[in-house]
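[1] just coords:
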């Protein structure tokens with residue numbers, strides 16, 4: 001299973017970006033997909049997650065500004081980021097949690113390669 005993220009870039013404060021992530025492989029089901037980020041000098045933190053049933057969870061500081069969505073049929077997850085702030089600057093990582101495939105037993109978690117988001121003031 002591989003996760004391919006895209007959509008990062010440089011934007012001015014108040015602007016918008018949309019991150020996308022596609023999971024590929026012999027995937028039967030992905031329980032949770034989400035986005036995490038790591039700012040310089042800080043630990044990786046949860047930004048938003050979404051379950052296969054559409055339940056969402058957001059970091060408090062992004063509520064009302066970011067929206068996570070997924071397409072279960074295509075195994076994709078997106079993060080629409082509006083009203084961006086300089087403190088949103090980080091490398092954003094796509095995550096797929098409890099991934100079940102057709103050719104293995106059990107489940108595993110996977111991470112994408114990260115995409116840089118830079119918000120200038």
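    Received the coordinates, thanks. Quantities reported herein were computed from a predicted structural model and do not represent experimental measurements.
[2] Check what pLDDT the closest residue in space to residue 24 that isn't next to it in sequence gets.
    Of all residues not flanking residue 24 in the chain, residue 2 sits nearest, at 5.2 Å (C-beta to C-beta, 6 or more residues apart in numbering). (Glycine included, C-beta is placed from N, CA and C.) Looking at residue 2, its pLDDT is 96.
[3] How about the contacts made by residue 2?
    The neighbours of residue 2, taking C-beta atoms under 8 Å, 6 or more residues apart in numbering as the test, are 23, 24, 25, 110.
[4] got a list of what the residue lying closest to the first one once chain neighbours are set aside touches?
    Read it as residue 23. Closest residue to residue 23 apart from its sequence neighbours, by C-beta to C-beta, 6+ apart: residue 75 at 4.1 Å. When the contact criterion is C-beta under 8 Å, 6+ apart, the partners of residue 75 are 22, 23, 24, 27, 30, 96.
[5] looking at it, the first one is touching residue 30, isn't it?
    No - at 11.4 Å, residue 22 and residue 30 do not qualify as touching, with contact defined as C-beta atoms under 8 Å.
[6] The two: which has the busier surroundings?
    residue 30 (25 against 17; other C-beta atoms under 10 Å).
[7] Centre-most residue in the chain?
    residue 35 (2.5 Å; C-alpha atoms, centre = their mean).
[8] is that residue in a bridge, and if so with what?
    Taking DSSP bridges as the rule, residue 35 bridges to residue 48, residue 94.
[9] I figured it hits residue 94, correct?
    Yes - the criterion here is C-beta under 8 Å, and residue 35 meets it with residue 94 at 6.2 Å.
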